[in-house]
Structures are given as structure tokens and as C-alpha cells.
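Undergrad: Below are the sequence and a predicted model; questions follow.
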There are 4 protein chains.
Amino acid sequence: MRRDGAENRERILLAAEHVFGTGGAAASTEEIARQAKVGVATVFRHFPTKQDLIEATAVRYLQKLEEQLRLLIDEADPGRAFVSLVQTLVSTGATKMTLLNLLHTDGQGLSEPVTAAVHTFYDAIQQVLERAQAAGAARPDATVQDVSVLVRALAHVVPLVADAAVDRAVKIVLDGLGATG
Amino acid sequence: MRRDGAENRERILLAAEHVFGTGGAAASTEEIARQAKVGVATVFRHFPTKQDLIEATAVRYLQKLEEQLRLLIDEADPGRAFVSLVQTLVSTGATKMTLLNLLHTDGQGLSEPVTAAVHTFYDAIQQVLERAQAAGAARPDATVQDVSVLVRALAHVVPLVADAAVDRAVKIVLDGLGATG
Amino acid sequence: MRRDGAENRERILLAAEHVFGTGGAAASTEEIARQAKVGVATVFRHFPTKQDLIEATAVRYLQKLEEQLRLLIDEADPGRAFVSLVQTLVSTGATKMTLLNLLHTDGQGLSEPVTAAVHTFYDAIQQVLERAQAAGAARPDATVQDVSVLVRALAHVVPLVADAAVDRAVKIVLDGLGATG
Amino acid sequence: MRRDGAENRERILLAAEHVFGTGGAAASTEEIARQAKVGVATVFRHFPTKQDLIEATAVRYLQKLEEQLRLLIDEADPGRAFVSLVQTLVSTGATKMTLLNLLHTDGQGLSEPVTAAVHTFYDAIQQVLERAQAAGAARPDATVQDVSVLVRALAHVVPLVADAAVDRAVKIVLDGLGATG
DNA sequence: GATGAATGAGGCTTCATTCAT
DNA sequence: AATGAATGAAGCCTCATTCAT
């Protein structure tokens, strides 16, 4: 009956990603445990604090995202890759923004693993961006931070407005970024 | 020791604007009461429901914002006015956007006063935008909704990143909007 | 605009009787004030405590009831009068039982005015009962207390069951009391 | 220091039976928790809603009562059994009737378990009654409902008046029911 | 190591009662 | 004397977290 510790950890993170994405901050640990088919105490054994669980979920999410970005680095058309990157981040990030916001719960600094994940993530963005710039398919003075900020901004707004409206906004931002793809 | 009712209402709304802006939905009515130097029950006398308080705070905020926009309508340079509008909304809206999101708490329709305030607000944006478009100082196919979505998106991000980074993002968006000013 | 003190007192008692009858213990002083078209503070000026208001309302109710009973004393048929008394008390008492129960709020003894009203009330019952007994229209060993207890019991049950069921129960009790009328 | 779940559930129901019986609807969940030597949250874990707690307490009470009635069905003298039934219900039901009333709190239909318990309970009454009627020891036209209504009425009054007075009232009602025993 | 039960703190809301006008 | 506003205490309920099994 007992499941392996590592497997449980994975189940919990999966459930957490889903629940946080759906219910936002309102999500209770109990609900996460239920979806993970695990007792509450087990969640707390793996993640002593709710904040810990949030951070771990966010890190895991960033890592999965980064993997996807790595694929874009190898795409033939650099401009197309850049556009894809922005679109992917906005749409994927959508529900997960809640997660990223929860990280700032009380203005405390984030834990080291989180910052590390963020840096790695930024690094992936940078590579796609630089390739696009080299190909003349992105505004030369755009920085990773610019892209990051704009993407986060757009992602925040996804759950609040109609899809079509988001698409229009994304297009305008891409124009502003000089993206051709 | 006894304050006037109207004054208290104002104090409460002020405190609410601050607290909701800072703590988001997590903000407790008790905290607002504390900051307004008022008993909890007093808050509930003025705003029977937490949702009522949220809506009232949002309306008040939208109205103050709209007043500022009206000034821009009369500015000489339409392009300059449009740029100012976006900048104002983003920086002023900053922390207060959280507030607007709280309105969507449960996907239910907003109360009439709120929709009214939103419409009036949009109307002010529209006038500035159209003047700019007529003067060739804004992308002709841009809509009020586009502006609104982009501004909300940027505003969300203000409390999370450095001011300079926001300025850069705003500039890129303005480029995307074809704004010259 | 100002109303006379005595008139207000009357309005309040009227409202209280209605509200307590309708909402039971849930009735709030504010609601009573509203129905009496009076400020809450006015209610408290007349009746310093909610308990005071309850007692005053109960006394008033008992007095009105007693007046009705006095009429029965003069009725031609003593047996008929006795039956009427029981029926009246049960049906009238119905909604007012809540009121009488509130009197026992915390097991404290009732105030003097209340006990006085109760005694006067019992006295009226006694006269009707004795006349019926003298006419052979009521069980000779029945006491005022018996009647009072039975009536209170039945009244309690009125709001909980169908009218027809109450009528049957009343009839059975009247049989037990040897009432012919 | 940690008690078993089932034991706690029992303690809570016991406390609830006592507290609801004494204080009526006014009884607070906190008070029940205190008497059960349990945290409030524990009460809510076992009974998610106050209404749930009320219903569970009532069901438990009805079941205990029904068990007692079953014993009467086997008694030799049918008339004696019927008299015992009424006496038992009135005295045992005493303070607990408040409980049953709480069920009607908002006029909403009761939950299935409660209605089931009520039916079983009525069924037990019916058997005793019919046996008595067959033996000529109870008024032939009396129905279960009549008995139920009368018993509930009398039970309501038990905590309010002296025992002797209740006994007299019960005797009168039994006479009305044509009970000989 | 995993689990379900327990818990105190805290959130929203209502109410009897008091106070300044 | 009358009023509306203010208030703290208390009620119901939820949640992150801890404990005994």
C-alpha cells in the first residue's frame, strides 16, 4: 500500500501545480493532499511549510518550462523561435502566475533554489532572444529582462480577459519588440 | 473621540485602498479596520459585505483615475496626451490593479455601480486614444480594449520589478502601439 | 417630527410583539426599532435591556389576553366558555410562546411585574374554569395549573405541526378535561 | 493526551445532547466543544455544519428512545404498555424535545437519516398503540400522530414546570386518550 | 515513512449596548 | 428625549500545522 517517497513527492507537486493553478491562493493544503491521494501529514513531511510547497512547485514549473525553451533554441528560424517563446510563456504562464505571485507572500526574499531556477530560466530566454537579434528578427536593444517583464505582465492578464483580446495584446507587444516571425 | 460617519467612511476606503493594494485578496477586514482606527463592526456598518467594500474601493479608485484622464483630453498635443495616459495608468494603477482583480473574485457579474465606473473610465480612455489616432500619433487599429488590457498587464507587474524595468517595458509597449509623443 | 414618549413606547411594544412572534429568538433589536420607525437608541431608552423589552412585551401580551378572557366569564354557557378559553389560548398563544420562553433566558427569576401579570392572568382562567366546573362542564378536580400547563404545552406545538393535527390534540385534551361545550 | 476519533465523536454528541437540551438553539458550538473537552475545529471535523451536529444528536436520541419503546412492545399488559410509553416519552423526551425543534430551524426538509429515524420511531409507537387499542385500552380513533403531537407538547413543558404538575397533565391527557393501565 | 485526527488562530459577520449630536 | 454611528464580544467556520498511531 505504501508508496515510494520520491513518487509521493512527485504526486504532491503535480497536484499542487494543478490546484494552485485552478484555485489560486485559496487552495488549501488539504485539497492538494486529496488530489495527490495522500494524507495531509505526508505533504508536510515533504514540504514543512506551505511556502516550501509553493516554492518547490514553482521551481518544478520553471524547470519544465525551461526544457521547452531549450527546444526553441534549436529551431531553424530564429525569428519564429522568438515569437513562439513569447506566445508559449504567456499562454503557459497564464494559470501559473498565481503560483509565481504566491512566492512573494510576505515580501521576504525567495529561497536560493528558487532564484537559481529563475536564473537558469532567464538564461534560456536569453539564448533565444540573442539568436533572434543576430538574425535581425528582434529589436537590438531588447534585454532578457524586457522580455521577462512583458511576458509576466501579459500572463497576469490572461485569466481576466477573453482569449482574442490577449492575442491582440501579444501581437502589439511583439511589434514593440520588433519581432518578425 | 467620536468621529463623523462620512469621515469614517473615507478613512475606511483609504485604508482599504492601501491594504488591498499591498496585501491583495489576503487582506483581512480586521486589518483594514485597524489601519482606519475603527472597530470592525464599523467597517461592516458602512459596507455590509467584504465584497461591497472591495467594490466601493475599486469604484473610488476608478473615479479618481478618470478625473486625471479628463485633464489629458484637453492637452494640446494628442500624441503626448496618449503617451501620458498610458504612463499615468501604469504608474498610478500600479498596486491598485490588485483591487480590480479582486472584483472578479468568483466570476460573478459585478454590481451596477462598478460596471458604470468601468464604462466611464473606458470612455475617457477612448477619447484620448481617438484624438491621438486622428493625429497619426497612435496605431490606427488600436482599440480601447487593447490599451486597457496592456495597461492592466503592465500595472500588475509594477510592484514586482524595479521602476527602470517598468519604464523600459512601457516604452516597448508604446512603440507597439505606434505612439509618438 | 418628534413623537411623544408614550406613543413611542407603544409602537415599540407593538413591533416587538410582531417581530418576536415571527422571528423568535433570532429577532434583533435593530429589526424591532426599524418596524417601530424608531432609532435603536430609543428602544434602549425605554427598555434598558433586551430582557426588559421581552418582559414588557410579554406583560402587555398577557394583559391583552386577560381582557379577552374576562369576556368569556360573562358568556351564557359556562361549558362553551371553557372550551373557548382553551382554544383561544392555544391558538393565540401559538406564536407568542417564543416570547414566553424568552422569559426564562438564563434561569433567572422573572421580574415582579411579570409574575404579577401572570397571576392576574391565572385568576381569569380560574374564574372561567370554576364556572364550568359548577355547571358540570369540566372535570371537578382540574386546577388552573392543569389548564395552564396543558395550554402552554399545546401552544408550543402549534407552529410545528399542521392545524388539523393541533385540532385533534386539543379535542383529546378537552376530553381529558371533561369539557363539554 | 490524544483521544480516539470514535470516542471523541461520542463525547461530542453527548455534550451536544446536554447543551442543546439545556440552552436550546442559543447553544454555541464553542460551548459544546468545551464540554466535550475538545477544540472547536474537532467538532467541525466530525460535523461539518452546526445543522449536521443537531441532526446527528437528534438521530442518536431518537434511536436510544426507540430502543426503549421496543421493550414495551413485549410487555404483557397492552394498556399498561401504552401508559408507560406516554410517560416514558414525556419524561425522557423532556429537555430533548428542544432538540427536535431545532431540526425545523428554517423550515427546510430534514436530511434523509433524520426522517428515517423519525419513521422508525413512529413505527415503534404505532405498534404499542395498536396493541392497546385491540385490547380496548386506548381510544379507538387515536392515531400515532395524535400520540406524537401530545407527547411532544407535554415534553416541551417539562423543564418549565414542577414534576408533579407534569404528572397531573400527563394523567389528564391519558384520560383523553382513553388509556387504561 | 504515512496517515487521519486534533487544534488554535484568525476570518467574516451579527448583535446588544453605548455615545456624541 | 431621539437618533444614527460606533464598538467589542461572540458565533460559525476554515486552515496551516502538529501529534499519536
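TA: Sure thing, it's come through.

Undergrad: ok now the host helix or strand of A:Ala117, how far from the chain's centre?
TA: Taking DSSP states H and E as the criterion, the element that holds A:Ala117 is helix A:112-134. Offset of helix A:112-134 from its chain centre (Cα atoms, centre = their mean, to the nearest Å): 12 Å.

Undergrad: what does stretch A:85-94 give?
TA: Counting by Cα atoms, centre = their mean, stretch A:85-94 is centred 8 Å from the centre of its parent chain.

Undergrad: mean confidence for the helix or strand that the helix holding A:Ala117 is followed by?
TA: With elements assigned by DSSP H and E, the helix or strand that comes after helix A:112-134 is helix A:144-157. For helix A:144-157, mean pLDDT is 93.

Undergrad: tell me what helix A:144-157 is packed against?
TA: When contacts are defined as 3 or more Cβ pairs under 8 Å, 6 or more residues apart in numbering or on different chains; DSSP states H and E, helix A:144-157 sits against helix A:78-102, helix A:112-134, helix A:163-176, helix B:144-157, helix B:163-176. All C-beta spots, glycine's among them, are computed from the backbone N, C-alpha and C.

Undergrad: In JSON lines: those helices, plus mean neighbour count.
TA: Listed next are these as JSON lines, based on neighbours: other Cβ atoms under 10 Å in any protein chain shown:
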{"stretch": "helix A:78-102", "mean neighbour count": "20"}
{"stretch": "helix A:112-134", "mean neighbour count": "17"}
{"stretch": "helix A:163-176", "mean neighbour count": "19"}
{"stretch": "helix B:144-157", "mean neighbour count": "24"}
{"stretch": "helix B:163-176", "mean neighbour count": "19"}
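
Undergrad: And the ones you listed: which comes nearest A:Glu17?
TA: helix A:78-102 (7.4 Å; Cβ to Cβ).

Undergrad: how many degrees apart are the closest one and helix A:163-176 in direction?
TA: Here helix A:78-102 runs at an angle of 120 degrees relative to helix A:163-176 (axes from the mean of the first three to the mean of the last three Cα atoms, to 10 degrees).

Undergrad: Tell me how far helix A:78-102 lies from the chain's centre.
TA: 7 Å.

Undergrad: Is it positioned near DNA strand F?
TA: No - if you take Cβ under 7 Å from any atom of the strand as the test, helix A:78-102 misses DNA strand F, and the best it gets is 10.3 Å.

Undergrad: tell me the mean pLDDT for that helix?
TA: Helix A:78-102 carries an average pLDDT of 86.

Undergrad: tell me what that helix is packed against?
TA: helix A:5-23, helix A:50-73, helix A:112-134, helix A:144-157, helix A:163-176.

Undergrad: Please name whichever of these is nearest to C:Ala164.
TA: In terms of Cβ to Cβ, the element of the helices and strands packed on helix A:78-102 nearest to C:Ala164 is helix A:5-23, at 51.1 Å.

Undergrad: Quick check: the one residue in chain A that gets nearest to chain C vs B:Ala33, distance?
TA: Nearest residue of chain A to chain C (Cβ to the nearest Cβ) works out as A:Ala26 at 30.5 Å. A:Ala26 sits 22 Å away from B:Ala33, going by Cβ to Cβ, to the nearest Å.

Undergrad: Helix, strand, or coil at the residue in chain A positioned nearest to chain D?
TA: Nearest residue of chain A to chain D: A:Glu30, at 10.9 Å (Cβ to the nearest Cβ). On the three-state scheme (DSSP: H, G, I helix; E, B strand; the rest coil), A:Glu30 is labelled helix.

Undergrad: Quick one: neighbours of the nearest residue to it once chain neighbours are set aside, just the number.
TA: The shortest distance from A:Glu30 to any non-neighbouring residue, by Cβ to Cβ, 6 or more residues apart in numbering or on different chains, is to A:Val40 (5.6 Å). A:Val40 has 15 neighbours, counted by other Cβ atoms under 10 Å in any protein chain shown.

Undergrad: For the nearest residue to A:Val158 once chain neighbours are set aside, give me its contacts.
TA: Spatially, and ignoring its direct neighbours in sequence, A:Val158 is nearest to A:Ala94 (3.8 Å; Cβ to Cβ, 6+ apart). Counting by Cβ atoms under 8 Å, 6 or more residues apart in numbering or on different chains, A:Ala94 touches A:Ala155, A:Val158, A:Pro159.

Undergrad: that older thread, could I get the helices and strands packed on helix A:78-102 in TSV, plus columns for distance to B:Ala58?
TA: Below are the helices and strands packed on helix A:78-102 laid out as TSV (distance: least, Cβ to Cβ, whole Å):
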stretch	distance to B:Ala58
helix A:5-23	22
helix A:50-73	27
helix A:112-134	32
helix A:144-157	17
helix A:163-176	20
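
Undergrad: so which residue of chain A comes closest to DNA strand E?
TA: Distances between chain A and DNA strand E by Cβ to the nearest atom of the strand are smallest at A:Ala41, namely 2.4 Å.

Undergrad: Retrieve the pLDDT associated with the closest residue to A:Ile73 other than its chain neighbours.
TA: Distance criterion Cβ to Cβ, 6+ apart; nearest residue to A:Ile73, sequence neighbours excluded, is A:Gln127 at 5.2 Å. Looking at A:Gln127, its pLDDT stands at 95.

Undergrad: Verify the stated contact: A:Gln127 with A:Asp74.
TA: No - the criterion here is Cβ atoms under 8 Å, and A:Gln127 misses it with A:Asp74 at 10.1 Å.

Undergrad: just to revisit the earlier point, quick check: the residue nearest to A:Glu30 vs A:Ala15, distance?
TA: For A:Val40, the distance to A:Ala15 (Cβ to Cβ) stands at 12 Å.

Undergrad: Show me the common contact partners of the two, please.
TA: Taking Cβ under 8 Å, 6+ apart as the contact rule, A:Val40 and A:Ala15 both touch A:Ala33.

Undergrad: pLDDT below threshold where in chain A?
TA: Where chain A drops to pLDDT under 70, the residues are A:1-3, A:104-109.

Undergrad: Outline the domain layout of it.
TA: For chain A, automatic domain parsing gives the domain ranges A:1-48, A:49-176.

Undergrad: if we can go back for a sec, which of the helices and strands packed on helix A:144-157 sits closest to C:Gly79?
TA: Proximity to C:Gly79, assessed across the helices and strands packed on helix A:144-157 by Cβ to Cβ, is greatest for helix A:78-102 (78.2 Å).

Undergrad: Also compute the angle for that closest one relative to helix A:144-157, please.
TA: 60 degrees.

Undergrad: before we move on, the earlier item: distance of the residue of chain A closest to chain D relative to A:Ala15?
TA: 11 Å.

Undergrad: In terms of neighbours, single out the busier of these two.
TA: The residue with more neighbours, out of A:Glu30 and A:Ala15, is A:Ala15; 21 against 11, by other Cβ under 10 Å.

Undergrad: Does the more buried one touch A:Gln35 like I think?
TA: Yes - A:Ala15 sits in contact with A:Gln35 when judged by Cβ under 8 Å, with a separation of 3.9 Å.
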